[in-house]
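Engineer: Next comes the sequence, and after it the predicted model I'd like to discuss.
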Amino acid sequence: MKESVRPPLSRPGRFLFMLAIAAAAGGAGVERTLFRDIPPADPARQVARKVLDSRFHSMRDGFSASDWTGLGYAAAWDRARRYFPDSTYLVRPGTHFMAHGFDADGRLFMEIHESAYLRLCVENLRTFAPGSVVGEYARMRAASDGLEAAGFREKVGRLEPAFRDETSHRELRGRLGERAYLRLLAGLREEDYHMIAGGLVHEGMHAGMDDALVARIQAEFKAGRRPVQWDELKAFTAEIGYHGAYGRWASDEIERLWREIAGLLGGLERLRGGPALRPGRPRARFERTRARTLAGAALVRLRVREAWQSAGRARDLSRGFLRDYVKGDVPADLDDLLGRLDRDTTGHVAALKTAIGATELRLRSLEEILAGWDAWAAGRRPFPPPVTDSRAITDGAGGSRWPEPPGAAASALMRRAAQELEKERRSS
């Protein structure tokens, strides 16, 4: 899979744009190192190891048991795990996302390139560790261009003041509670791990194919003697299917977070009833609820970013396959499925863009409501915001599901590719 190191640029937000334009160009000075020869403390090795050790990021629970096994996801994930670290290289600077090939002795290897996705994961590993987040944010604020600091603020939202000094940070940790605090930082630290995992699924699919058969298919495709390269179809649609599973999980998680936020706003209503917030336990309850609501908002934005990345990746994979691995006339049924996949992935991006806009408006309204509660708690206004404002936000968030990521066409194409590869194997 020789895809660009650059992720989709259309997601609103300065931070992802900054990462996208920072993609390294290939050329002289490329370093290619087996992961086994990289110190275990190296952040890139830590990220790859963490992804491969994670049942969650394999998306095992996002597939039915029959699809996980029958479509080859289980075997592909197992191969990616077995190849690491002895037969997987880190390539710096990256020229692709991931790739594979054969050593001089004929053994297959995988490559993880230093892509924008991997750099984001490495940077977040350093930034969002509990013991370093305050210092890292101070470093960002001291930088002359301010880009990293702006990205940090975009990620944490109105929790940002809590990361300016250790005292405020300890207060935030106490108000959230240890479990919620660690959940927040782990989520931010592991942003885009699913992108790495999807690429590993892609390469794991390639690693399970018959080398001689694939070489013949590739040669015949390049010579114009076959219209479709079946090995690439199976790998491309496997990664598309992975991102469909992740997108469905992210959608469910966003809905769960909104339900959690609704419960927290309901807790604020119990503090209503006087001209000012009373000190002591009412004040402590208010601070806890406010912090947990803002943490929920930050996690909603995180899952939105990840869902957008998955949707854009699936669309780009579909387009890339049609551009690079289809030549001439293809069977009508296959042409229909490929067209459906392209329409589905493109349409999903458009629908998701609309849903993201609506979600961001709700989040900003939520933040304004919390600002009104802050003003009441500080004695700057005589009463909190109307309860109808809170209900409008939470009812609106729960009243519509996110667009369902496409999956049927990708699964059908995976099965078709597997059937064609088996026919080729039997006839060779």
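Structural biologist: Alright, I've got the coordinates.
Engineer: From E111, how far out is E360?
Structural biologist: Distance, E360 to E111, by CB to CB, to the nearest Å: 36 Å. All C-beta atoms are positioned from the backbone trio N, CA, C, and that covers glycine.
Engineer: Looking at those two, which one has more neighbours?
Structural biologist: Per other CB atoms under 10 Å, whichever of E360 and E111 has more neighbours is E111, with 20 against 15.
Engineer: contacting residues for A180?
Structural biologist: R292, A295 (CB atoms under 8 Å, 6 or more residues apart in numbering).
Engineer: Secondary structure element holding it?
Structural biologist: Following DSSP states H and E, one finds A180 within helix 178-189.
Engineer: ditto for F383
Structural biologist: With DSSP H and E as the criterion, F383 is inside neither a helix nor a strand.
Engineer: re earlier: mind exporting the helix holding A180 as CSV, just the C-alpha atoms?
Structural biologist: C-alpha atoms of helix 178-189 as CSV (Å, rounded to 0.1, in the frame of the first residue of the first chain):
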residue,chain,number,x,y,z
GLU,A,178,-8.9,9.5,38.5
ARG,A,179,-10.9,7.3,36.1
ALA,A,180,-12.3,10.2,34.1
TYR,A,181,-9.1,12.1,34.1
LEU,A,182,-7.1,9.1,32.8
ARG,A,183,-9.8,8.4,30.2
LEU,A,184,-9.5,12.0,28.9
LEU,A,185,-5.7,11.9,28.6
ALA,A,186,-5.7,8.4,27.1
GLY,A,187,-8.2,9.4,24.5
LEU,A,188,-6.2,12.5,23.5
ARG,A,189,-2.9,10.5,23.6
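Engineer: could you list every residue that touches the residue nearest to E253 when sequence neighbours are not counted?
Structural biologist: The spatial neighbour of E253 that comes closest, neighbours along the chain excluded (CB to CB, 6 or more residues apart in numbering), is R303 at 5.2 Å. Shown in contact with R303 (CB under 8 Å, 6+ apart): A250, E253, I254, L257.
Engineer: ok, and the most crowded of the residues you listed?
Structural biologist: Counting neighbours by other CB under 10 Å, A250 leads these with 24 neighbours.
Engineer: helix or strand for it, which one?
Structural biologist: helix 230-269.
Engineer: Next, the buried residues of that helix.
Structural biologist: Using 16 or more other CB atoms under 10 Å as the test for burial, helix 230-269 gives 230-251, 253-255, 257-258, 260-262, 264-265, 268.
Engineer: ok and the following helix or strand past it relative to helix 178-189, angle-wise?
Structural biologist: Once the chain leaves helix 230-269, the next helix or strand it forms, by DSSP H and E, is helix 281-324. Here the directions of helix 281-324 and helix 178-189 differ by 30 degrees (axes from the mean of the first three to the mean of the last three CA atoms, to 10 degrees).
Engineer: Mean confidence (pLDDT) on helix 281-324, please.
Structural biologist: Helix 281-324 shows a mean pLDDT of 97.
Engineer: On the three-state scheme, M110 is what?
Structural biologist: strand (DSSP: H, G, I helix; E, B strand; the rest coil).
Engineer: Pull up the gap between it and Q309, please.
Structural biologist: M110 sits 21 Å away from Q309, going by CB to CB.
Engineer: got it, and R416?
Structural biologist: 27 Å.
Engineer: now swap in P384 and tell me
Structural biologist: For P384, the distance to Q309 (CB to CB) stands at 37 Å.
Engineer: that older thread, who's more crowded, R416 and Q309?
Structural biologist: Q309 (25 against 20).
Engineer: Help me confirm that the more buried one comes into contact with M195.
Structural biologist: Yes. If you go by CB atoms under 8 Å, Q309 and M195 touch, sitting 5.9 Å apart.
Engineer: Following element in sequence after the longest helix seen in the chain, please.
Structural biologist: When the chain is parsed with DSSP state H, its longest helix is helix 332-377. Elements were assigned by DSSP H and E; along the chain past helix 332-377, the next helix or strand is helix 387-398.
Engineer: what angle do that next one and helix 332-377 make?
Structural biologist: Interaxial angle, helix 387-398 versus helix 332-377 (the same axes, to 10 degrees): 160 degrees.
Engineer: name the helices or strands packed onto helix 387-398?
Structural biologist: helix 230-269, helix 332-377 (3 or more CB pairs under 8 Å, 6 or more residues apart in numbering; DSSP states H and E).
Engineer: Give me the helices and strands touching the last one, please.
Structural biologist: Just to be clear, that refers to helix 332-377. helix 230-269, helix 281-324, helix 387-398, helix 408-427.
Engineer: what about it, distance to the chain center?
Structural biologist: Relative to the mean C-alpha coordinate of its chain, helix 332-377 is positioned 15 Å out (CA atoms, centre = their mean, to the nearest Å).
Engineer: and it, what's its mean pLDDT?
Structural biologist: Here the average pLDDT along helix 332-377 is 96.
Engineer: The first one now?
Structural biologist: If you average the pLDDT over helix 230-269, you get 96.
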